[in-house]
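Visitor: the following block contains a protein sequence and its predicted model.
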Amino acid sequence: MAITELKTKQSNMFSLDRCTAVPSIIGDPSEFLIIAGLSGTAKDIGQLTDESPNAFLLGGAMGAAVTMALGLALSQPDRKVLAVFGDGECLMNSSSLSTVGFVQPNNLSLLCVDNGTYGETGNQLTHTANCADLEIIANGSGIEKTMTVTSEADYGTASNLLHDQTAPTFVLLSVHQGDPPDYRRNFDAVERKTIFRRHLLS
Amino acid sequence: MSKTFSGQDTWAETLYQTLRSMDVTLFTYVPDAGHGATINRAIEDTQVTTVPLATEEEGVSLLAGAHLGGVRGVLLMQSSGVGNCINMLSLTNIGRFPLISIVSMRGDYGEQNPWQFPMGQGTQPCLEAMGTICSRVDNADDVAAATQAAVNMAYRSDQSVALLLSQKLIGAKPF
């Protein structure tokens, strides 16, 4: 497919605004321990939580979000853990989904904010804009409870899925290329780690 | 061919018991013959959690997440897997997350597969370039002390530490 056709397809498929969709689906963020992937999703979660102690935002280490959240879920079985990450990050380390599928943690939910582009590097198209369906990949990786959100009518069902306590879940949120919130996040990972642990463990 | 090397049961049990005595309860791994006995020991232990990984870098981030939640773990991998971890060690480094990597060496003393040499010989320089402190273990008699040192450096001093179990210790796989 020509690049212009891909861009047309991409603009048709990805219509929601992440700045309203992400908060609507997550609901009250204090109900979760949250790991956010680098770039746009770090800003989504930074804006939503004002970087409260229950949120850790990645700023690099692309591909870390899903397994970091899995480790947190295994160490805190009585807490609900949410990973929020982009399609580019998920594609980079999609094997993580099968590790979640193998472990089957009932306290881990995954929210992939899919805009079909690498927003941080100039909106080049990712494979989800063309051929890759991350919900199918998640489902085929052993995560049985999955859905794709393409309209506001799906928000309630998606929110319920993220709050599910019986199995790992995966929500693919299809959004347009619009910018994430203009949020200036804290890049000091040692400070954020210390705050997170002090709040959770002491 | 046996999936474990002769003599492994002794030093692997020492390694395992030392880790368990220091509150390590999460064992992440990519299957490997050199770690066969240790991995099997962890799987049989109902008091610990084992996570098989699809690629080694998953273990680096998984253990950082477990540290946020207050659990101590280790990453068991072959030296070739170290190459898969390099960028993920950015997280460990910049966040000063504790990390214990236990690396069964290939491309090392007595190796018979030439393809193992590039990453085997590159293992320690790559890890050190990313801020991981390496400790090579050649003798079974050193396993307990080296393991104890690694756990203390990681979980008391927030360091990334790798124990490199050499082929003098684990033996060279015959081809």
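Guide: That came through fine.

Visitor: how far off centre is the host helix or strand of residue B:40?
Guide: According to DSSP states H and E, residue B:40 maps onto helix B:36-44. Here helix B:36-44 shows a centroid-to-chain-centroid distance of 13 Å under the convention CA atoms, centre = their mean, to the nearest Å.

Visitor: so it, near chain A or not?
Guide: No. Looking at helix B:36-44 against chain A by CB under 8 Å from any CB of the partner chain, there are no contacts, and the closest approach is 13.1 Å. Heads up, the C-betas are built off the backbone N, CA and C, glycines and all.

Visitor: for residue A:109, grab phi and psi.
Guide: phi -120, psi 140 (degrees, to the nearest 10).

Visitor: same check on residue A:34?
Guide: The phi/psi pair for residue A:34 (degrees, to the nearest 10) reads phi -120, psi 130.

Visitor: residue B:71 versus that one, what's the distance?
Guide: Applying CB to CB, to the nearest Å, the value for residue A:34 to residue B:71 is 18 Å.

Visitor: the two: who's more crowded?
Guide: Higher neighbour count among residue A:34 and residue B:71: residue A:34, with 28 against 19, using other CB atoms under 10 Å in any protein chain shown.

Visitor: could you find the closest non-adjacent residue to that one?
Guide: Distances taken as CB to CB, 6 or more residues apart in numbering or on different chains put residue A:55 closest to residue A:34, at 4.3 Å, once the chain neighbours are dropped.

Visitor: and the pLDDT for the one you found?
Guide: pLDDT for residue A:55: 98.

Visitor: next, the nearest residue to residue B:48 once chain neighbours are set aside: phi, psi?
Guide: The shortest distance from residue B:48 to any non-neighbouring residue, by CB to CB, 6+ apart, is to residue B:25 (4.8 Å). Main-chain torsions, residue B:25, degrees, to the nearest 10: phi -130, psi 0.

Visitor: my guess is residue B:25 contacts residue B:46. True?
Guide: No. Using CB atoms under 8 Å, residue B:25 is not in contact with residue B:46; the gap is 11.2 Å.

Visitor: who has more neighbours out of those two?
Guide: Ranked by neighbour count (other CB under 10 Å), residue B:25 and residue B:46 place residue B:25 first, with 18 against 5.

Visitor: need the residues of chain B near chain A, please.
Guide: So chain B meets chain A at B:26, B:49, B:51-55, B:57-71, B:73, B:87-88, B:90-91, B:94-97 (CB under 8 Å from any CB).

Visitor: buried subset of those residues as a PyMOL selection?
Guide: In PyMOL, a selection of the buried entries from the residues of chain B next to chain A looks like this (16 or more other CB atoms under 10 Å in any protein chain shown):
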select buried, chain B and resi 26+49+51+52+53+54+55+57+58+59+60+61+62+63+64+65+66+67+68+69+71+73+87+88+90+91+94+95+96+97
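
Visitor: out of the residues of chain B next to chain A, which are inside strands?
Guide: Among the residues of chain B next to chain A, DSSP state E puts B:26, B:49, B:51-52, B:73 in strands.

Visitor: before we move on, back to that, got the contact list for the residue nearest to residue B:48?
Guide: B:47-49, B:71-73 (CB atoms under 8 Å, 6 or more residues apart in numbering or on different chains).

Visitor: export these as CSV, with columns for pLDDT.
Guide: Converted to CSV, those look like this (pLDDT from 0 to 100):
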residue, pLDDT
B:47, 97
B:48, 98
B:49, 98
B:71, 98
B:72, 98
B:73, 98
